[in-house]
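A.B. asks: return atomic coordinates for the entry below.
(one chain, ligands or ions: 1)
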Amino acid sequence: MSRLVSAKDMLNKALAGHYGVAQININNLEWTKAVLTTSQELKAPVILGVSEGAGKYMTGFKTVANMVEGMMESLDITVPVALHLDHGTYNGSVACINAGFSSIMFDGSSLPFEENLAKTTALVNACDVLGLSLEAEVGSIGGEEDGVIGMGECADPEECRKIASLGVTMLAAGIGNIHGVYPENWPGLRFDVLEKIRAATGDVPLVLHGGTGIPDEQVKKAITMGVSKVNVNTECQLVFAAATRQYIEEGKDLKGKGFDPRKVLAPGYEAIKEKVKEKFEVFGCVGKA
Ligand code: 13P
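C.D. replies: Alright, predicted model coming up:
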């Protein structure tokens, strides 16, 4: 019996309660343990994001699902946890359904819209039958906007309406957000576009990708406007790398048994926990489990 849950309930509660649930991407055992223990300590529901690349790195989706299930049992994790494919292809989505993931993101945003619609429809139906949640993504409007190019693109509200009406659990739609670190001259989130997407999609929880580096006040405002899930990946990688660098630069690996991997990775692990706590507090999901 799986301990994982679909993200549906947690997101609908977040939408009604005006807070955000965090999707924290995981990369290995330390990452997973850091996110699960922090969620349990802070009584926060959580979504573990796994990209196809991270899944491959961890030797396959089945390994990831078994690791998470095993860890939840060993650590007695009782808060709601969804294991979610991040930016999946169609084949990757099917593989994760078979591997025991409880939530799927099918990212058809780079496909022609009709193909995105058709493949999302097929996966909505499959996920419905199996009790899994499904996130869809609507493609971006490329090109120039107010003289700004490549500063985060915006989805077409009409396309959002069509995809939302398929019965997806949640919808990712660009509002000027981008993955990774934002350029210094990034103009910020497009709340005008978010408002139009919200109006076009009814009460489908919206997803804000690229959570790294968006000023807290902008994230909080987006949450008040219908964003119920915020994805964070790069920020945890940055603090993990910085803490590991400091450990090595201070020569701690050269003292005593400081070379033990459990010691080498400990500062990075603690840094991820701190970052996750900080994000939960900003998103308002502490105590919502
Ligand atoms: P960041 O790496 O910018 O935090 O984005 C994460 C994300 O959106 C994963 O889908």
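A.B. asks: OK, contacts around T38?
C.D. replies: For T38, the residues meeting the contact criterion (CB atoms under 8 Å, 6 or more residues apart in numbering) are A44, K273, V276, K277, F280. The C-beta positions use only the backbone N, C-alpha and C, and glycine is treated the same way.
A.B. asks: count of residues packed around the third one?
C.D. replies: It stands for V276. Under the neighbour criterion other CB atoms under 10 Å, V276 is assigned a count of 27.
A.B. asks: please name the residues that touch D216.
C.D. replies: Counting by CB under 8 Å, 6+ apart, the residues that D216 touches are V282.
A.B. asks: repeat that for 10 Å
C.D. replies: When contacts are counted by CB atoms under 10 Å, 6 or more residues apart in numbering, D216 is found next to E278, K279, E281, V282, F283.
A.B. asks: and what of L111?
C.D. replies: Contacts for L111 (CB under 10 Å, 6+ apart) come out as T89, Y90, L117, A118, K119, T120, G139.
A.B. asks: repeat for A118
C.D. replies: Contact criterion CB under 10 Å, 6+ apart gives Y90, G108, L111, P112 as the residues in contact with A118.
A.B. asks: of the residues you listed, which is the most crowded?
C.D. replies: Using other CB under 10 Å as the contact criterion, the top neighbour count among the contacts of A118 goes to G108, which has 23 neighbours.
A.B. asks: contacting residues for the residue nearest to that residue when sequence neighbours are not counted?
C.D. replies: Counting by CB to CB, 6 or more residues apart in numbering, the nearest residue to G108 once its immediate chain neighbours are dropped is N116, at 3.3 Å. Residues counted as contacts of N116 (CB under 10 Å, 6+ apart) are F106, D107, G108, S109, S110, A136, E137, V138, G139, E159, K162, I163.
A.B. asks: ok, the fourth one touching E135?
C.D. replies: Same thing as S109. No - taking contacts as CB atoms under 10 Å, S109 lies outside contact range of E135: 11.3 Å.
A.B. asks: between these two, which one's more packed in?
C.D. replies: Between S109 and E135, counted using other CB under 10 Å, the more crowded position is E135 (31 against 20).
A.B. asks: look up how far D260 lies from that one.
C.D. replies: Here the distance between E135 and D260 works out to 39 Å (CB to CB, to the nearest Å).
A.B. asks: cool, and I223?
C.D. replies: From I223 across to D260, the span is 41 Å (CB to CB).
A.B. asks: try G131
C.D. replies: From G131 over to D260 (counting by CB to CB), the distance is 42 Å.
A.B. asks: can you check I77 too?
C.D. replies: Using CB to CB, one obtains 26 Å as the distance from I77 to D260.
A.B. asks: higher neighbour count, these two?
C.D. replies: A side-by-side neighbour count of I77 and D260, using other CB under 10 Å, places I77 first with 18 against 11.
A.B. asks: what residues are up against the more buried one?
C.D. replies: If you count contacts by CB under 10 Å, 6+ apart, then I77 has R3, L36, T37, S39, Q40, V46, V68, M71, A289 around it.
A.B. asks: and for the third one, nearest residue in space, chain neighbours not counted?
C.D. replies: In this case it means T37. Using CB to CB, 6+ apart and skipping the chain neighbours, the partner closest in space to T37 is L75 (6.5 Å).
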